[in-house]
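K.L.:
Let's see this in three dimensions:
(3 chains)
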Amino acid sequence: MEGQLMSWGTLENGWRKGPWTAQEDEILIEHVNQHGEGRWNCVSKLTGLRRNGKSCRLRWVNYLRPDLKRGKITPHEENIILELHALWGNRWSTIARSLPGRTDNEIKNYWRTHFKKSKPSKNIEKARARFLRQQQEQQEREEEQQQADMRGIMTQVEEAALAQDMQEMAYMYPLNYMLQGGEGGGGGSISDGSSEEEAWGSLWNLDDIHDDGEGVCRGDLTMQDQVLTFY
DNA sequence: AAACCAGGCAACCGCGTACCA
DNA sequence: TTGGTACGCGGTTGCCTGGTT
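P.N.:
Predicted coordinates for the structure are as follows:
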């Protein structure tokens, strides 16, 4: 524990806690505009703000950042959250990278209030298991194929460099990268219905993309392929 | 009108990790 | 190599608000 509350929101060690005031927000924004993000523990020293570094960072990241999107999560975003949560679980910050303007905290809260309570149906669980199994098989097939293809063309150094590039791209822009190919791609088939079954359905339909060897993403990696590049 | 309740969300906490001296 | 510090992440808490009785 940091200390005992003296008056409302003030601890005996001088740090303030609880809801931020408009003045505190202004001070923090001013500070970040001047010095940039980071070095959060210096904020109190430089500005006189009685907030610890953690609190400042959180306030900035979750509320004050200018690129934050305000307003409700759209059905499209909701579907993205569902799909990525199916893939990555509670890795909220990873999921948030695929939703520009949304924070991990926001997505986490949204998930907890909208989906946590409803247990996935049997069908969903079966579909999920099938998806994961096929994903694994696909990965194995591709690794074999890639090794065979690459061996004759690339040196080992080039191969490593490419793999790293792919991984970095996928890490920086997970969903954008997956959905390359536009609205007609994997995400485009998502209807505006927001039921859980529908959302999962859009994910499992990706299986079909692979069946003909072409995929909706035409020439690009399908969602499954690209997800595999993360691991 | 008042009390109660549930949902939503901002903020806090603890832990793990990266970085640096 | 190690210890300290700062940062980032996920889980949890608690307040606020709107709806219901």
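K.L.:
sec struct for A:Asn62, please.
P.N.:
Three-state call for A:Asn62 (DSSP: H, G, I helix; E, B strand; the rest coil): helix.
K.L.:
Just give me the neighbour total for it.
P.N.:
When counting by other C-beta atoms under 10 Å, one arrives at 13 neighbours for A:Asn62. C-beta here means a position set from N, CA and C on the backbone, and glycine is covered the same way.
K.L.:
measure it to A:Asn79 for me?
P.N.:
The gap separating A:Asn62 from A:Asn79 is 23 Å, by C-beta to C-beta, to the nearest Å.
K.L.:
Wait, A:Thr94 touches A:Trp88, no?
P.N.:
Yes - counting by C-beta atoms under 8 Å, A:Thr94 does reach A:Trp88; the two are 5.4 Å apart.
K.L.:
Contacts only, for the nearest residue to A:Glu37 once chain neighbours are set aside.
P.N.:
What sits nearest to A:Glu37 in space, not counting adjacent residues and going by C-beta to C-beta, 6 or more residues apart in numbering, is A:Trp60, at 6.8 Å. Applying C-beta atoms under 8 Å, 6 or more residues apart in numbering, one finds that A:Trp60 lies in contact with A:28, A:32, A:37.
K.L.:
same check, this time on A:Gly53
P.N.:
A:40-44.
K.L.:
I'd like to know how far it sits from A:Arg16.
P.N.:
Distance of A:Gly53 to A:Arg16, computed by C-beta to C-beta: 13 Å.
K.L.:
Show me which residues of chain A sit near DNA strand B.
P.N.:
Residues of chain A lying close to DNA strand B (C-beta under 7 Å from any atom of the strand) are A:1-2, A:16-20, A:54-55, A:58-59, A:62-63, A:72, A:105-106, A:108-110, A:112-114.
K.L.:
Looking at the residues you listed, which are in helices?
P.N.:
Members of those lying in helices (criterion: DSSP state H): A:54-55, A:58-59, A:105-106, A:108-110, A:112-114.
K.L.:
Could you identify the buried members of the residues you listed?
P.N.:
In those, burial by neighbour count holds for A:55, A:58-59, A:106, A:108, A:110, counting by 16 or more other C-beta atoms under 10 Å.
K.L.:
Show me how the record splits chain A into domains.
P.N.:
Chain A breaks down by automatic domain parsing into domains covering A:1-66, A:72-231.
K.L.:
Mind telling me which of those the model trusts least?
P.N.:
Note on the domains of chain A: lowest mean pLDDT is at domain A:72-231, with a mean of 56.
K.L.:
is it true that A:Lys69 touches A:Arg102?
P.N.:
Yes - with contact defined as C-beta under 8 Å, A:Lys69 reaches A:Arg102; the gap is 6.0 Å.
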